[in-house]
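A.B. asks: Sequence and predicted structure, then a few things I'm wondering about:
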Amino acid sequence: MSPVPRQRLQRGLSALFPAITVDRFLNHYWTGRPLWSHGPVTRFGGLAELDGIGTILRVAVRSRIEMKAILRGTHHHSNEIPIDPSSAISLYDSGATIVCNGLHRWHQVVSAWTHSLTRQLRTPQDAGNCNAYMSPPGVGVGMHFDDHAVIVVQLGGRKRWRFAVNRTVTNPTANSGPDLADEVARYATRPAPRRMPPSTSVELGPGSALFLPRGYWHETDARQASISLTFGFRVPTWVELVRDHLSQRLVEDVRWRESIWDAWASGRRRMARDHWLGLRENLMARLTSTTLDDLMDDEAAEPLVRVRSSSARRATVRAKRTTSRRRGN
């Protein structure tokens, strides 16, 4: 039997956090406690080769990587704009953080690490991704929280991270800053802080790794020209599993595909209400017979009906009204 390549031995949680076992990470940190470690950058194997902005941009040029620039704003903590590789260096020199999204789709070593971490964290195969962040000295990303857990790998330069428990919202379903996204504001239990609450500060250098659970407030500040990779893991929530299962199953029934065109007409709501009572009985019967295996089997499938959030529906209505006014209707 041929020996296992050294590269393979260096991938995953054991390389990032060698002081603890995978089981301890899952039981004590994955569900809500930050963790960080420092060591030689060589422990990251082939990832260490991505320690310069030129190296990463060469990958971006020969692929179709989605790129963006993050600019610190006056009225907002940060502003993001889509860019292409040709403008990355000039924006970087102007003080922008440059981000390459989905690097795992275009770089073989990054893909292998993403796959290993996703497997060790026991998440769906498509739950993991990796983005590259390149920040000039004195620049960072403003205070915000994410709807997913992240593992940060520092490859070049030094960056300070400040992070704190989120007491405004638990288990957020969207990324947000101090000005809460509409979706998040619906279930926030208190106003969001305008600046970082009492926090922990950790400086990452080449070879450092940091885990932040879903929902933690955090902000960054590059002490030196910084190159880092962020592995993100967005695991489906119960509401998403149930919603997607129902959207796939209900659309197969002709009764659920009927338009409810007459429910808003004066005097017609009673007919829609009677119709809903019958559909509700059908829905309850489906839910009663639904098993966990049914939900898990559907998880990998794309919903046949995409359910829009209330904020998205309101935005659509506003857009239609604006268009109508411009047309004089």
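C.D. replies: Happy to help now that I have it.

A.B. asks: how about the helices of the stretch 1-150 of the chain, start to end?
C.D. replies: Secondary structure of the stretch 1-150 of the chain (DSSP state H, counting those that start in this stretch): helices at 6-9, 13-16, 22-24, 53-61, 85-93, 108-120.

A.B. asks: what stretches of this protein score poorly on pLDDT?
C.D. replies: The model of the chain has pLDDT under 70 over residues 1-10, 73-78, 267-268, 298-329.

A.B. asks: Name the residue closest to the centre of it, please.
C.D. replies: Centroid-nearest residue in the chain, with C-alpha atoms, centre = their mean: H148, separated by 4.8 Å.

A.B. asks: just checking, that residue touches P236?
C.D. replies: No. If you go by C-beta atoms under 8 Å, H148 and P236 don't touch, sitting 10.8 Å apart. No exception for glycine: its C-beta is placed from N, CA and C like everyone else's.

A.B. asks: count of residues packed around the closest residue to N166 other than its chain neighbours?
C.D. replies: Residue nearest to N166 in three dimensions, not counting chain neighbours: G215, with 4.7 Å by C-beta to C-beta, 6 or more residues apart in numbering. Applying other C-beta atoms under 10 Å, we find 22 other residues in the vicinity of G215.

A.B. asks: does G215 sit in a helix or strand, and which one?
C.D. replies: Using DSSP states H and E, G215 sits in no helix or strand.

A.B. asks: To M134, which of the helices of the stretch 1-150 of the chain lies closest?
C.D. replies: Taking C-beta to C-beta, helix 53-61 is the member of these nearest to M134, at 4.9 Å.

A.B. asks: Check the contact between the residue nearest to N166 and H148; I expect there is one.
C.D. replies: No. Using C-beta under 8 Å as the test, G215 is too far from H148 to be in contact (9.1 Å).

A.B. asks: surely L91 meets I98?
C.D. replies: Yes. Between L91 and I98 there is a contact under C-beta under 8 Å: 6.5 Å.

A.B. asks: got any residues that touch both of those two?
C.D. replies: A69, I83 (C-beta atoms under 8 Å, 6 or more residues apart in numbering).

A.B. asks: Look at these two and report which has more neighbours.
C.D. replies: Neighbour count, other C-beta under 10 Å: between L91 and I98, I98 has more, with 24 against 19.

A.B. asks: Please give me every residue in contact with the nearest residue to the more buried one once chain neighbours are set aside.
C.D. replies: Distance criterion C-beta to C-beta, 6+ apart; nearest residue to I98, sequence neighbours excluded, is M134 at 4.5 Å. Listed by C-beta under 8 Å, 6+ apart, the contact set of M134 reads I53, I56, Y92, T97, I98, V99, C100, A225, S226, I227.

A.B. asks: Same question for V59.
C.D. replies: L50, I65, C100, L103, W106, H107.

A.B. asks: Pull out the buried residues from those.
C.D. replies: Buried members of those, counted by 16 or more other C-beta atoms under 10 Å: L50, I65, C100, L103, H107.

A.B. asks: My guess is the second one contacts G102. True?
C.D. replies: Yes. Judged on C-beta under 8 Å, I65 makes contact with G102 at a distance of 6.3 Å.

A.B. asks: Identify the contacts common to those two.
C.D. replies: The contact lists of I65 and G102 share no entry, where a contact means C-beta under 8 Å, 6+ apart.

A.B. asks: Check for me that T230 belongs to a strand.
C.D. replies: Yes. Assignment of T230 by DSSP: H, G, I helix; E, B strand; the rest coil places it within a strand.

A.B. asks: residue contacts, it?
C.D. replies: Each residue near T230 by C-beta under 8 Å, 6+ apart is listed here: C130, N131, A132, Y133, V150, I151, V152, V153.

A.B. asks: just checking, the first one touches H104?
C.D. replies: So that's C130. Yes. Using C-beta under 8 Å, C130 is in contact with H104, at 4.2 Å.

A.B. asks: Find residues that contact each of these two.
C.D. replies: V110, W113, T114.

A.B. asks: Now, of these, which are buried?
C.D. replies: V110, W113, T114.
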